Structure formats: C-alpha cells, structure tokens
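*Asks:* Just the structure for this:
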Amino acid sequence: MRHKYVISLGNYGKKLLIKEYADIDKNQKKQVPEMQVKNKYSFLYEETYESETIVSSIAKGENSLIASLRTRNMFPTRPLAIKLAESVRTLYKSSKGETVELFFDDIDMAPV
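*Replies:* The predicted structure follows:
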C-alpha cells in the first residue's frame, strides 16, 4: 500500500500535525515517485503533538523522537519512522514553517 504523510505545524507552531493518507487501489504496481504524487489518497488518521515535546525529543536524538512520534494509533515501522523523524526535524529547522509531504510505498519494504 502507498502512504502519504502530511506533516505541518499548527496553532502558530505550538502543535505538530501528522496526517496519514493511503492509496488503497487494488491494482497497485511499482510507480515512480512523480506518479505517486498524482494518486488519489484516502484520509486515514491525524495525530497531534505538543511542539514542546517534539523539540525536546529532537534534542535527545533520533530514538527519542521516534518514540514520541509513535502512538497507540500511529505506529509506523522502523524505516518509515526514521523517514518521518527526518521530515519532522527538517520542518522544525525551517524558519518558514512549511508543510512537508512524505510518500512511502510498502512494496519498497518487501523482502527480496
């Protein structure tokens, strides 16, 4: 399944929002990244975090940040959690507070 995560700051930077979407098309084939962006995604879930907690976790390192991002309702696999953590760090380093979109395809995780 292909996933899309939209990561943004809300409430004037006091909250971190991560929205998870999925392309649940049954006829999935390996696609180039440009095609993944054009797919229609269904909204699955949104998680909200306190920025204080996230900033503190960033300072403590990758494992702490991943632990903070994982919740009862959103528990990404380690490779995806690493990518999410990298995107969150990038967002917090940016002075513009823009939105980050992350695309991920489960097929990339299939054993060879």
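
*Asks:* In which helix or strand does Ala85 reside?
*Replies:* helix 78-93 (DSSP states H and E).

*Asks:* And that helix, what does it pack against?
*Replies:* Judged by 3 or more CB pairs under 8 Å, 6 or more residues apart in numbering; DSSP states H and E, helix 78-93 is in contact with strand 2-10, strand 15-23, helix 51-60, helix 62-69, strand 100-105. C-beta coordinates here come from the backbone N, C-alpha and C atoms, glycine included.

*Asks:* mind giving me TSV with the ones you listed and columns for mean neighbour count and distance to Arg89?
*Replies:* Below are those laid out as TSV (neighbours: other CB atoms under 10 Å; distance: least, CB to CB, whole Å):
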stretch	mean neighbour count	distance to Arg89
strand 2-10	18	10
strand 15-23	19	11
helix 51-60	14	6
helix 62-69	17	7
strand 100-105	17	10
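
*Asks:* Would you tell me which of the ones you listed gets closest to Ala85?
*Replies:* helix 62-69 (4.6 Å; CB to CB).

*Asks:* Tell me what angle that closest one forms with strand 15-23.
*Replies:* 80 degrees (axes from the mean of the first three to the mean of the last three CA atoms, to 10 degrees).

*Asks:* could you give the mean pLDDT of helix 62-69?
*Replies:* For helix 62-69, mean pLDDT is 97.

*Asks:* How about residues contacting it?
*Replies:* The contact list for helix 62-69 (CB atoms under 8 Å, 6 or more residues apart in numbering) reads 18, 47, 49, 53-54, 56-58, 76, 78, 81-82, 84-85, 88-89.

*Asks:* Report the distance from that helix to the chain centre.
*Replies:* 13 Å (CA atoms, centre = their mean, to the nearest Å).
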